[in-house]
Structure formats: C-alpha cells, structure tokens
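Trainee: Sequence plus predicted model, see below.
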Amino acid sequence: MKKILNRPDSYVDEMLEGFTLAHPEFYAQPERRVIARPGGGTKGKVGIVTGGGSGHLPVFTGYVGPGFLDACAIGDVFASPSAEQMAAAIRHADGGAGVLRLYGNYGGDVMNFDMAGEMVDLENDIRTTTVVLADDVVSAPKEEAEKRRGVAGMIYAFKIAGAAADTMADLDEVTRVAQKAADACRSIGMALTPCIVPQAGKAHFEIGEGEMEMGMGIHGEPGIWRDKLKPADAITDEMIDRILADRAFGKGDRLSVLVNSLGATPLEELYIIYRRVKARFDDIGAEIVMPLVGRYATSMEMTGATITTIALDEELERHLKAPAACAYWRVG
Amino acid sequence: MTGGTIDRDGIKAALARVAAGAGAAADELNAADGQLGDGDLGITVSKGFAEAASADLPEDVGLALLECAKAFQRVSSSSYGTLVATGFMAAAKATKGKTTVQADELTSLVAAARDAMMARGKGSLGDKTVLDSLDAVSKALEDAAAVDMADAALSAARDTLAAFKGKPCKLGRARMFAEKSASLDDPGQLAFLRIVEALAGRGGEGAA
C-alpha cells in the first residue's frame, strides 16, 4: 500500500480535521464525525442531512453548505456511521421545521438512519422523512429498481433538495422534490484500477492490463462485468446505451449530465468522455443543461469514471440553477 | 416483573441479571453461532447487555429503554445487535412519558418489539429465527396471569427451540446451509432463551 497518511486508524479523523481547517466558512465539526454548517440549522428551514462512509469526497460531507445540505454523519472508509452519529447530525440540521434524510441505498446506512430517526423522534420531537438514492442502473434490473445502490446521482439530489428547502417550503414539499430528483437520476460506472481501503492495506481484486471493470460502484468492490479495454467513444457509448435503455430521452427533452472521476482519472479523460456524451444527446435532440465534469463522487484513488443523467422539468431545472455554495461546487 | 409494575429500577435490576446471564452464556453462543455464521453472537449479546446494564437510565421508562437501544447500537453493529436495539426502541416508543408500566402491558410491548424487528430484519415467522421466539413469548404472555409470566415466557422460549428441531433456517447466512442448520438449534433462538432464563432468575437450570 502506498498512501499519504500517518496511521490507518486515524485516517478519517485527521482528514476531517484538515477539512474543517481548510474551509471554516463552510464546515464545522460540532461532534466527532459530524459535519454541520458553522452557524448550525437555519431557523424555520427544513434541514437536510446525509451520511455514509468516508472515501468518497466530495461525497458526502463536502456538500454541506448554503443551498445544499445542513449536516452529515461520517463513518470509517466505506463503512456506515452509527445511528447515534446520524441522530447527532439530524439535531445539528434541525431548524424547527423537520429534517429530510437524503442518502444512498445501502443496507447499513438505511438501518442506521431509520434508527436515528426514531431516536430524534423520541428524544427531541424532530420529525424526519427519507429519500434514498438508487441511481445505479446496472446494480439491479428495472423491475427491482428499488434495490439499486446510490452513486454519483446523489449530488443532483443534494443540490435540488437544498434549493427546495431554501424556498422555506415545508418538510413534505421538500421531500417530494427530493424524491422527484432522485427518481430522475440514472448512473453507471467503469474502472481501470481498484482502490485500497487504508485499514485493509491492499486491494480486494485486480484488473489486468488491457481490461476494464464495467458497472463499478463507489466502494472499491468489483464491477458487475469485465471487458477488454476499448476506446473512449466505445466505452461512453456502452454506458450511455445502458442508461438510455433504462430511461429514454427524446427530442426537446432537457437534462443535466455529470461525467465524474472515481478519484484518479484526470479531467482530460473526462472531457474526452463528455465530448462523446454531448454528441449522443445532440443526435437525440435532447439539450444538456449545466453539465458537470470533474471529481464529484469518488472511490478513493480508483481510476475510472461514472456518467449520471438527470431528466429535468421546469421545477427541477429551476432548483438546479438556484444559488448554492460549498467548497466543491458553486452555483450563481 | 412479579410486582405488577415495571419502573426504571426494575429495568436496571433486570438488565443486571441478563448481563450476568449473557456473560455466562457467551462461549456457548459463540460456539453455536460459529457452526453457521461468524461466531460472534455471544460477544454481541454479552457486550450489548453489559453496556445497557451500566448505562445511566432516566426515570421515564420509554427514555430508559431508548438508552438500552443506544447502548446496544454503540457496542454492536452486527445484525443481531441492531435487531435487539430495534426491539428496545419499539418498546421505548410505546412507553415514552410513563414512569411505571403495568406488567400486563408487557404482552403488547413484546408484540411491538416482534413487529418492529420483523420489519427491520425483513424476516417472517417460521424462518427459524429469534422472531419465532418473540412471537411465542408474546402469545404465551397473553394468557398468563402476572405471577405466571416468567414461567410462561420461559416455557414458550424453550418450546420454540424444540419446535424448530429438524427444520432448516430460512433467513440470513444460516439459510445457505439448509441441511446443517436443520440439525442445529438456531443461535438467535438459543440466545433468546438464555436471556429469558436470566430475566426470570432461572439461569443455570441446564441446557434446553
């Protein structure tokens, strides 16, 4: 293992220390493994919390900020935070109007966030709702779409739900908009090299020279199938075809697209992918609004990329374009 | 349990008994679990109840049970630990705001725990899990007078183990070893029996 760290077991805590020191205008750590806005919850506004393992920055905790999230619970690398940490995040997000739990569809996170919701209901009378991201199209067939895992699409849901909450809409309304955004997202990933969890010290699997993993998630697990490495346009076509088979776009439709690095893939290669994505949607006659190209949801130092589409109607597009800021994404 | 009402001090005393009983049964439960799973059930149950027994409990019965749920969550993130925490949480919800609970309410509290655990664990009755034990105990308590409750719960937990002898587990990792699991006691049901024995103050009465 070659990593820049002091001790594997202090990896997450030292990361969070540096994270809040570098961006004090956006992030505070009021309790261990809980990141919140420096001023706490906004009075009268619906709070939005997320949570999940470390190893995905800027996901999850990077998206705490005005117009985005209010608080986040952080676990070890690729491991769920505890229910108590999630409950603490909910309390720090609460402004008296209830709190939306918005996170990715993973068994441990779901169980712990459910428990956390029961804790704050019993102890603090905070009302909570849930929207779970399940945007990875190849992780389960369409008939079992609710079993899909949540990947990069969650950043669109963070942005759109955050904008809805900023209008001072009530909890049910913010939840409705967040669910609509989550339902509109489709993602797929691929990778060229695996990643190493600091406490494990070595990769779970290897990808041979001249091979690629398709259907890659964001936890360093193997992909769904393996293929020989192809040119960028062919890889992009296969990814876009899989998305379109699940969610078709037609002439005049509007969407946003995220071409995301899983960690080590450079921007240069992401733009080569985006070039092809744009050509594909030009052929369809669908218009891409506010494309995102960069490192938005990662899996440590994995080499690879994901593509996410989000179908937009007037409401989702308005919330996507509303002002928001965090250390990794600024709008308006 | 036999005084007719349950309060914070009663819960604390019960937790101390169960923590002692679970500690004594830890090796046996680890071994039973190791036949089918990762062999840490004894650790989960003994650490969980030890943490709950040493927790500072508020007077409100619901909030006291919530502390138990949190204690379990804290020391044990395994699925059995989460399920036990879920059971405590369901009972906590039903008793929040009360400083005493009537013994005859226990029936509905056990049923509430069973339902919440079934929902969270996505299990069904008949799968040969701890849910079957909880179901049997809640039904036995319905018919029992307050003084007989301990006996009724104890025989229901024992009868459940006997009833599933020879039947395969249908949930969790044990499900993948159908034949082997049929010949063994379900470790979760066994753990539950040891818990009830300790609650009833009948630990060390011998194997089921």
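Mentor: Done, it's in. Remember, it's a predicted structure, so these values are computed and weren't measured experimentally.
Trainee: quick check, the longest helix seen in chain B touching chain A?
Mentor: Looking across chain B with DSSP state H, the single longest helix is helix B:8-34. No. Using C-beta under 8 Å from any C-beta of the partner chain, helix B:8-34 stays clear of chain A, coming no nearer than 15.8 Å. Quick note: C-beta positions are derived from backbone N, CA and C, even for glycine.
Trainee: Please name every helix or strand in contact with that helix.
Mentor: helix B:41-53, helix B:61-75, helix B:187-199 (3 or more C-beta pairs under 8 Å, 6 or more residues apart in numbering or on different chains; DSSP states H and E).
Trainee: is the second one anywhere near chain A?
Mentor: Yes. With C-beta under 8 Å from any C-beta as the measure, helix B:61-75 is seen reaching chain A through B:62, B:63, B:66, B:69, B:70, B:73, B:74.
Trainee: Could I get the buried residue list for the helix or strand where residue A:173 lies?
Mentor: Element membership of residue A:173 [criterion: DSSP states H and E] is helix A:171-183. Across helix A:171-183, burial judged by 16 or more other C-beta atoms under 10 Å in any protein chain shown covers A:171, A:174, A:175, A:176, A:177, A:178, A:179, A:180, A:181, A:182, A:183.
Trainee: hey, where'd the helices end up in the stretch 151-300 of chain A?
Mentor: Using DSSP state H, counting those that start in this stretch, the helices of the stretch 151-300 of chain A run over A:154-166, A:171-183, A:232-246, A:267-284.
Trainee: who in chain B is up against chain A?
Mentor: Residues of chain B lying near chain A (C-beta under 8 Å from any C-beta): B:62-63, B:66, B:69-70, B:73-74, B:77, B:82, B:85-86, B:89, B:92-93, B:96, B:120.
Trainee: now residue A:152, nearest residue through space, not along the chain?
Mentor: Distances taken as C-beta to C-beta, 6 or more residues apart in numbering or on different chains place residue A:297 nearest to residue A:152, at 3.9 Å, with adjacent residues excluded.
Trainee: Check residue A:106 too.
Mentor: residue A:149 (6.4 Å).
Trainee: ditto for residue B:159
Mentor: Of all residues not flanking residue B:159 in the chain, residue B:136 sits nearest, at 6.5 Å (C-beta to C-beta, 6+ apart).
Trainee: about what we covered before: can I get the buried residues of helix A:171-183 in TSV with distance to chain B and pLDDT?
Mentor: Output for these, formatted as TSV (distance: C-beta to the nearest C-beta, whole Å; pLDDT from 0 to 100):
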residue	distance to chain B	pLDDT
A:171	20	98
A:174	25	98
A:175	20	98
A:176	24	98
A:177	27	98
A:178	23	98
A:179	21	98
A:180	26	98
A:181	27	98
A:182	22	98
A:183	23	98
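Trainee: Dump the residues you listed into JSON lines; add distance to residue A:324 as well.
Mentor: As requested, those are exported to JSON lines (distance: C-beta to C-beta, whole Å):
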{"residue": "A:171", "distance to residue A:324": "20"}
{"residue": "A:174", "distance to residue A:324": "14"}
{"residue": "A:175", "distance to residue A:324": "19"}
{"residue": "A:176", "distance to residue A:324": "19"}
{"residue": "A:177", "distance to residue A:324": "14"}
{"residue": "A:178", "distance to residue A:324": "14"}
{"residue": "A:179", "distance to residue A:324": "19"}
{"residue": "A:180", "distance to residue A:324": "18"}
{"residue": "A:181", "distance to residue A:324": "14"}
{"residue": "A:182", "distance to residue A:324": "17"}
{"residue": "A:183", "distance to residue A:324": "21"}
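Trainee: Contact residues of chain A facing chain B?
Mentor: Selection of chain A residues close to chain B by C-beta under 8 Å from any C-beta yields A:80, A:82-84, A:108, A:111-112, A:114-115, A:118-119, A:121-123.
Trainee: Please convert these to CSV, extending it with pLDDT.
Mentor: Formatted as CSV, these follow (pLDDT from 0 to 100):
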residue, pLDDT
A:80, 88
A:82, 90
A:83, 92
A:84, 92
A:108, 82
A:111, 87
A:112, 90
A:114, 93
A:115, 91
A:118, 93
A:119, 94
A:121, 94
A:122, 92
A:123, 92
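Trainee: In helices only, show me the residues you listed.
Mentor: A:83, A:84, A:108, A:111, A:112, A:114, A:115, A:118, A:119, A:121, A:122, A:123.
Trainee: Could you provide the residues you listed in CSV, with additional columns for distance to residue B:161?
Mentor: Output for these, formatted as CSV (distance: C-beta to C-beta, whole Å):
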residue, distance to residue B:161
A:83, 30
A:84, 33
A:108, 30
A:111, 27
A:112, 31
A:114, 30
A:115, 29
A:118, 30
A:119, 33
A:121, 35
A:122, 33
A:123, 36
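Trainee: Highest average neighbour count across the helices of the stretch 151-300 of chain A: which stretch is it?
Mentor: helix A:154-166 (a mean of 28; mean count of other C-beta atoms under 10 Å in any protein chain shown).
Trainee: what's the angle from that one to helix A:171-183?
Mentor: Put simply, helix A:154-166 runs at 160 degrees to helix A:171-183, going by axes from the mean of the first three to the mean of the last three C-alpha atoms, to 10 degrees.
Trainee: Find out how far helix A:154-166 is from the centre of the chain, if you would.
Mentor: 11 Å (C-alpha atoms, centre = their mean, to the nearest Å).
Trainee: contacting residues for residue A:22?
Mentor: residue A:327 (C-beta atoms under 8 Å, 6 or more residues apart in numbering or on different chains).
Trainee: ok, how many other residues are close to the residue nearest to residue B:159?
Mentor: By other C-beta atoms under 10 Å in any protein chain shown, 25 other residues sit near residue B:136.
Trainee: Which helix or strand contains it?
Mentor: Assigned by DSSP H and E, residue B:136 falls in helix B:130-143.
Trainee: Tell me the first helix or strand C-terminal of that helix.
Mentor: As assigned by DSSP H and E, the chain's next helix or strand after helix B:130-143 is helix B:149-163.
Trainee: Just the C-alphas of the very next helix or strand once past that next one, formatted as PDB.
Mentor: With elements assigned by DSSP H and E, the helix or strand that comes after helix B:149-163 is helix B:178-183. Provided in PDB are the C-alpha atoms of helix B:178-183 (Å, rounded to 0.1, in the frame of the first residue of the first chain):
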ATOM      1  CA  ALA B 178     -30.100 -25.700   4.900                       C
ATOM      2  CA  GLU B 179     -29.200 -29.300   5.900                       C
ATOM      3  CA  LYS B 180     -26.700 -28.400   8.600                       C
ATOM      4  CA  SER B 181     -29.000 -25.700  10.000                       C
ATOM      5  CA  ALA B 182     -31.800 -28.200  10.400                       C
ATOM      6  CA  SER B 183     -29.800 -30.300  12.800                       C
END
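Trainee: Let me have the residues of chain A next to chain B in a markdown table, extended by neighbour count.
Mentor: As requested, the residues of chain A next to chain B are exported to a markdown table (neighbours: other C-beta atoms under 10 Å in any protein chain shown):
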| residue | neighbour count |
| --- | --- |
| A:80 | 23 |
| A:82 | 21 |
| A:83 | 27 |
| A:84 | 19 |
| A:108 | 17 |
| A:111 | 21 |
| A:112 | 26 |
| A:114 | 21 |
| A:115 | 22 |
| A:118 | 22 |
| A:119 | 25 |
| A:121 | 17 |
| A:122 | 20 |
| A:123 | 17 |
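Trainee: Let me know the angle separating the helix or strand bottoming out on mean pLDDT in chain A from helix B:61-75.
Mentor: One helix or strand of chain A scores below all others by mean pLDDT, DSSP states H and E: helix A:107-124, with a mean of 92. Compare the direction of helix A:107-124 with that of helix B:61-75 by the same axes, to 10 degrees and you get 150 degrees.
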